[in-house]
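*Asks:* Provided below are the primary sequence and the corresponding predicted coordinates.
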Amino acid sequence: MEIVFKILKPKNLIKIVRNPKLSIIRFNYVLKRFFYDLFFFFKRKKYKYKIIFIAGMPMSATTKIKNMCGRVDGYFTRYTPMSNEVLYNQNITDSAFKHCPTWSYTLFKTHLNPWEENINIIKRNNVKKVIVSYRDLRDVVVARYYRLLNFPKKNYEPGYKSKEFQYKNLSKSQAINDCIENVSKYFVKWIFGWLDLSYKEKDFILMCKFEDLISNPKTEFKRMLNFYEINLEESKINSIVKATEGKKNMVSNINESEVLPWAISSNFRSGKIGNWKDEFDSENIKKFKELAGDSLIKLKYEKDLNW
C-alpha cells in the first residue's frame, strides 16, 4: 500500500503522465516482477543466492553494475523503506528487507558504509555476497563536482551548505577543492574499510575497479556472474553489456530515472578515466596530494606523489 500511495502523489502522477513511454516500461517491470515472484513461489529455486547486493563508492559506476544485474532474469529491485537519516548517511536497517520475498530474488544498489553494524544487518537478512566498486579518487572528485553543479544538495541532505556556497556560485577551482576535502574526509575511510573486510572475508566481497569495468565491461560482468554462480548464455551477456553502455548525458538520465524502474534507470555521466588531468588546476593537485595522496599509492593508482 505504501508504494501505491507514493505513486498517487500529485508530483509523481505528473511525471508519469508527462512520460507515457517510460511509464509503460515501469508498469511492465512491476507486472513482470509480480509474475516472477508468483512463479518462484511454486517452482524450485533458479539461482543459488537470493540477493545480489551492490555497495559501491559514489560515482564509481554502481549504477552501471546495478543496470547489468537488473537485467538478469528473476532479480528485481524493490521498495526499501528506511528513515531519511539512515538513507542519506549511507547506512541500512532491517526494514530495508521488508519487501524481499524469501522465495524470490532481489537486487540492492547502495553506497553502504562498511561499518560493523551495517555488515551485521545485511548478513542476518540473507546477504551472502557483496559487490564493491571503487575508482581513482581524483576522478571521483570531478564526477562529484559536476553532479553537484547540476544537482545541488537539498537543505535537508547531509553536507548541504548555504546557497552562496553552492558550486555554481564558486569558481571551478574552489568547488573542486571543496570536493577534494569531502572525498578525502569520507571516501578514503570508506574504501579502505571495505578493502580490509575483503581481506578478512574473501568469499564475501568482490572488489570491482571502475577503470576495469569501463575498459572491459563484459569481462567484469562475467566476474560478477561467476561470483554469484549465475550462468547466462553468451548472447544474453552480450545484450546486457550493449544495453548498459550509458549513451545519454547525466541530466537526461536523472530526469528519466524519476519514472523508470530503479533496476534499469541511470544517472551516470560518460565515465571518463583520468578526467582529472583536464579538470584539476595546480592548486587542486596540491590539495589532493596533501589530503589523499597516500591513498592513491595504497590503491595502486600511483607509485609516488610525483604526478
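*Replies:* Thanks, I have the structure now.
*Asks:* Contact partners for K298?
*Replies:* Contacts for K298 (C-beta atoms under 8 Å, 6 or more residues apart in numbering) come out as F192. C-betas here are computed from N, CA, C, even on glycine.
*Asks:* One more: L305?
*Replies:* K289, G293, I297 are the contacts of L305 under C-beta under 8 Å, 6+ apart.
*Asks:* Selection in PyMOL covering whichever of those are buried, please.
*Replies:* The following PyMOL line selects those of those that are buried, judged by 16 or more other C-beta atoms under 10 Å:
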select buried, resi 289+293
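*Asks:* would you list every one of the strands in the chain?
*Replies:* 51-55, 75-76, 105-110, 130-134, 205-209 (DSSP state E).
*Asks:* Look up the closest residue to the residue most central in space within the chain, ignoring the ones flanking it.
*Replies:* Nearest to the mean C-alpha position of the chain, counting by C-alpha atoms, centre = their mean, stands T62 at 3.1 Å. With sequence-adjacent residues excluded and distances taken as C-beta to C-beta, 6 or more residues apart in numbering, T62 is closest to G56, at 3.1 Å.
*Asks:* Then E302?
*Replies:* L296 (4.4 Å).
*Asks:* Count the neighbours of the one you found for me.
*Replies:* 20 (other C-beta atoms under 10 Å).
*Asks:* repeat for the one 5 residues further on
*Replies:* Counted with other C-beta under 10 Å, residues neighbouring Y301 total 17.
*Asks:* do the same with T106
*Replies:* 24.
*Asks:* again, but for P217
*Replies:* 20.
*Asks:* ditto for S104
*Replies:* 20.
*Asks:* isn't it right up against F34?
*Replies:* No - S104 sits out of contact with F34 when judged by C-beta atoms under 8 Å, with a separation of 10.2 Å.
*Asks:* Show me where the stretch 201-307 of the chain has its helices.
*Replies:* 210-215, 217-227, 234-243, 250-257, 276-279, 282-298 (DSSP state H, counting those that start in this stretch).
*Asks:* Switch those over to a markdown table; also include mean pLDDT and distance to V72.
*Replies:* Shown next, in a markdown table, are the helices of the stretch 201-307 of the chain (pLDDT from 0 to 100; distance: least, C-beta to C-beta, whole Å):
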| stretch | mean pLDDT | distance to V72 |
| --- | --- | --- |
| helix 210-215 | 95 | 16 |
| helix 217-227 | 97 | 8 |
| helix 234-243 | 95 | 8 |
| helix 250-257 | 53 | 20 |
| helix 276-279 | 97 | 33 |
| helix 282-298 | 97 | 33 |
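*Asks:* Among these, which comes closest to R26?
*Replies:* helix 250-257 (10.6 Å; C-beta to C-beta).
*Asks:* where does this protein dip in pLDDT?
*Replies:* 1-22, 163-164, 246-270 (pLDDT under 70).
*Asks:* distance of the residue lying farthest from the centre of it from Y36?
*Replies:* Taking C-alpha atoms, centre = their mean, the residue of the chain most remote from its mean C-alpha position is F42, at 32.2 Å. Note on F42: its distance to Y36, by C-beta to C-beta, to the nearest Å, is 12 Å.
*Asks:* so what's L195 closest to, chain neighbours aside?
*Replies:* M207 (7.1 Å).
*Asks:* Let me know how buried that neighbour is, in neighbour terms.
*Replies:* 16.
*Asks:* returning to what we had before: test my guess that the residue nearest to T62 contacts P114.
*Replies:* No - the criterion here is C-beta under 8 Å, and G56 misses it with P114 at 11.6 Å.
*Asks:* which one of those two has more residues nearby?
*Replies:* For G56 versus P114, neighbours defined as other C-beta under 10 Å are more numerous around G56 (25 against 21).
*Asks:* so who does that one touch?
*Replies:* If you count contacts by C-beta under 8 Å, 6+ apart, then G56 has T62, I65, K109, T110, H111, I131, V132, S133, Y134, C208 around it.
*Asks:* is it possible to export those residues to TSV including distance to I119?
*Replies:* Formatted as TSV, the contacts of G56 follow (distance: C-beta to C-beta, whole Å):
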residue	distance to I119
T62	18
I65	19
K109	17
T110	12
H111	15
I131	15
V132	12
S133	17
Y134	17
C208	18
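*Asks:* Let me know the closest of those residues to E233.
*Replies:* Closest to E233, out of all of the contacts of G56 and judged by C-beta to C-beta, is I65, at 20.1 Å.
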